[in-house]
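1. predicted model follows, preceded by the sequence.
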Amino acid sequence: MGEGAKEERSKVAMGDGGILRDGGGTADPVGPRPGGSRGFFGDLVEVLFAPAAFWERARAEGPGGYRAIWIHLLVLIGLRAVAGFGGALLRGAGIGAAFGQFFSGMLAAFALVWLFAAIVAGVTAGSTGRTTVRETFRFAAYGLTPLFVVGVLAVVPLPYVAPIADLVLMPYTFYVLGVGLVPALGVPEKSAPGRVALVCGSLLVLWSVMPTLIPLVVEALVR
């Protein structure tokens, strides 16, 4: 076989920079695939400092599993709850009261995520957006990241530091949610402003009610 024929076969086998698998097909792309997860810290930094890019990457990634979402929530909510536990002890609360605050804080945070995801699903149901449980749960989990992160200030043994920090970060959380509604859930741009207003208003109500409601529910259950 001549050198020209060998060279031609080599080009065909390599495709566009990747070796064809056995049996033919398309060449494997060289380099990282678009939309791939960056891991916990990568996702955390991106959703905090470049939320628009994060949501666009989430759209490119498509529906994924729950594992990364649960890791994200467990770490951030756990840190917030531990901070509240430490803050309660530093304020002179007993160990029992501190543990009560820890568990009620965990329960309130997870309940907030699920309720908020359900509201988001209802808000986007009338549009052409995606309203699957996984998509809305991911939107709620990552969209609330700024509030969960600032919750570590609950360790400060002063009664109003954590609530004030939540209020200060609330507008930025609205921004993170607002820029994500269209790419993450497929809401049409023409109806996005109204949907964003409903989503942010619902979050404000839930965030105000949950810290009071959950302790009452826990107290009623343990009686």
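-> Looks like it arrived, so ask away.

2. not counting its neighbours along the chain, what's nearest the spatially most central residue of the chain?
-> Closest residue to the average C-alpha location of the chain: Tyr142 at 1.4 Å, with C-alpha atoms, centre = their mean. Leaving aside its sequence neighbours, Tyr142 sits nearest to Val47 (C-beta to C-beta, 6 or more residues apart in numbering; 5.2 Å). Yep, even glycine has a C-beta here, placed from its N, CA and C like the rest.

3. which SSE is the one you found in?
-> helix 39-49 (DSSP states H and E).

4. show me where the protein has helices.
-> In the chain, the helices defined using DSSP state H lie at 3-14, 39-49, 51-61, 67-90, 95-124, 133-143, 145-150, 161-185, 192-222.

5. reformat those helices as JSON lines; add mean pLDDT.
-> Listed next are those as JSON lines, based on pLDDT from 0 to 100:
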{"stretch": "helix 3-14", "mean pLDDT": "46"}
{"stretch": "helix 39-49", "mean pLDDT": "93"}
{"stretch": "helix 51-61", "mean pLDDT": "90"}
{"stretch": "helix 67-90", "mean pLDDT": "93"}
{"stretch": "helix 95-124", "mean pLDDT": "89"}
{"stretch": "helix 133-143", "mean pLDDT": "92"}
{"stretch": "helix 145-150", "mean pLDDT": "95"}
{"stretch": "helix 161-185", "mean pLDDT": "93"}
{"stretch": "helix 192-222", "mean pLDDT": "80"}
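
6. give me the neighbour count for Ala53.
-> 13 (other C-beta atoms under 10 Å).

7. out of everything not next to it in sequence, what's closest to it?
-> Glu46 (6.2 Å).

8. OK, contacts around the one you found?
-> 38, 53-54, 57 (C-beta atoms under 8 Å, 6 or more residues apart in numbering).

9. what does Arg38 give?
-> So Arg38 contacts Glu46 (C-beta under 8 Å, 6+ apart).

10. and what of the one 10 residues further on?
-> With contacts taken as C-beta under 8 Å, 6+ apart, Leu48 has the following neighbours: 145-146, 149.

11. quickly list the domain ranges of this structure.
-> Recorded structural domains for the chain (assignment: automatic domain parsing) are 1-31, 39-222.

12. fine by me, we can end here.
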